[in-house]
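Visitor: Fold the following for me, if possible:
(2 chains)
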There are 2 protein chains.
Amino acid sequence: MRTALSQANQAFHCEEVPVGAVITHQGQIIAQAHNLCHTLKDATAHAEILAIRLALQHFGQPFLGNCDLYVTLEPCAHCAGAIALMRMRCIYFGAYDPKGGAVDHGARVFDHSLHKPQVIGGVLETESAALLKQFFQTRRYTQDPPLL
Amino acid sequence: MRTALSQANQAFHCEEVPVGAVITHQGQIIAQAHNLCHTLKDATAHAEILAIRLALQHFGQPFLGNCDLYVTLEPCAHCAGAIALMRMRCIYFGAYDPKGGAVDHGARVFDHSLHKPQVIGGVLETESAALLKQFFQTRRYTQDPPLL
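Guide: The predicted structure follows:
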């Protein structure tokens, strides 16, 4: 989770919402990424999704069974859905997200998914949450979408 | 939805689960895709996700507000989460999916998401469902993940 937090710090410094993710297999880091929504102009470019894409490239397989995910914020429905589709083994997350989270809040995706990973929340919660709080305090962050 | 069904037929003929998706903006088709999980070796390569990526490239914007999605099967949590993040206007889907769907079943993602698109289910339901039934009847389709 320290590496995921380091990724979140990198996001902070490039003006992305500071969330970082790491995927491990047999205790080794095989992928790490941070939120890149603004850079990639893609509101789904969350840290978990980008880490999953890197891990898929690493293995050349459609699933990530026996892999674990570390992410500094409770996953949203999009990311929790991806984790279930990937059949990942265990998810460790940092800060809880009562507004956008979909693991311990909201849609509670794993309560309904066919594959149910083990979930451990609140890992390095204080540091993960503090970084997010600092980010949103230091800028007036608006997410009004451009009207097409 | 006829174009989405045509995409689903293309998926069928390349041995992918037959689901197709189309995204429109101001009545014009701007993206269309079908399921490519096996081809891309990515269990998240659903028709909706691939169509969203194409639409993002089309506009060069992080959101797809004022766009509508047509998909032949009720979206799963991963796809419904993406639709919410994209702030899409209206979702039309074909067959209902009591097992993997997350709109009218399971996690019911839009009941909890910040953005709630309009949803109309059961559009060309019979044709969409028949294609899926035919696909799963004609092959013994196993999804056992390779153990990494």
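Visitor: so where's chain A uncertain?
Guide: Within chain A, the segments meeting pLDDT under 70 span A:140-148.
Visitor: host element of the closest residue to A:V119 other than its chain neighbours?
Guide: Take A:V119 and drop its neighbours on the chain: the residue closest to it by CB to CB, 6 or more residues apart in numbering or on different chains is A:I91, 5.0 Å away. To be clear about C-beta, it is placed using only N, CA and C from the backbone, and glycine gets the same treatment. Following DSSP states H and E, one finds A:I91 within strand A:90-95.
Visitor: Centre of the chain to that strand, how far?
Guide: A distance of 9 Å separates the C-alpha centroid of strand A:90-95 from that of its chain, computed with CA atoms, centre = their mean, to the nearest Å.
Visitor: go on, stretch A:27-36?
Guide: In this view, stretch A:27-36 has its centroid 10 Å away from the chain centroid, taken as CA atoms, centre = their mean.
Visitor: Give me the contacts around that stretch.
Guide: Counting contacts by CB atoms under 8 Å, 6 or more residues apart in numbering or on different chains, the residues outside stretch A:27-36 that touch it are A:3-4, A:7-8, A:10-11, A:16-24, A:42, A:45-47, A:50-52, A:54-55, A:58-59, A:67.
Visitor: quick one: A:I52 and A:M86 touch, right?
Guide: Yes - A:I52 lies in contact with A:M86 (CB atoms under 8 Å); the separation is 6.1 Å.
Visitor: anything in contact with each of these two?
Guide: A:64, B:44.
Visitor: mind listing the helices for chain A?
Guide: In chain A, the helices defined using DSSP state H lie at A:2-13, A:37-40, A:47-59, A:77-86, A:125-138.
Visitor: List the contacts of the residue nearest the centre of chain A.
Guide: Nearest to the mean C-alpha position of chain A, counting by CA atoms, centre = their mean, stands A:E48 at 3.7 Å. Listed by CB under 8 Å, 6+ apart, the contact partners of A:E48 are A:21, A:69, A:71, A:75, A:79, A:82-83.
Visitor: hang on, the earlier thing: dump the strand holding A:I91 to PDB, restricted to CA.
Guide: Taking only C-alpha atoms (Å, rounded to 0.1, in the frame of the first residue of the first chain), the coordinates of strand A:90-95 have been written out as PDB:
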ATOM      1  CA  CYS A  90      -8.000  -9.900  -2.500                       C
ATOM      2  CA  ILE A  91      -8.600  -6.100  -2.500                       C
ATOM      3  CA  TYR A  92      -7.000  -3.800   0.000                       C
ATOM      4  CA  PHE A  93      -8.200  -0.200   0.000                       C
ATOM      5  CA  GLY A  94      -7.300   2.900   2.000                       C
ATOM      6  CA  ALA A  95      -9.800   5.700   2.400                       C
END
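Visitor: Good, wrapping up.
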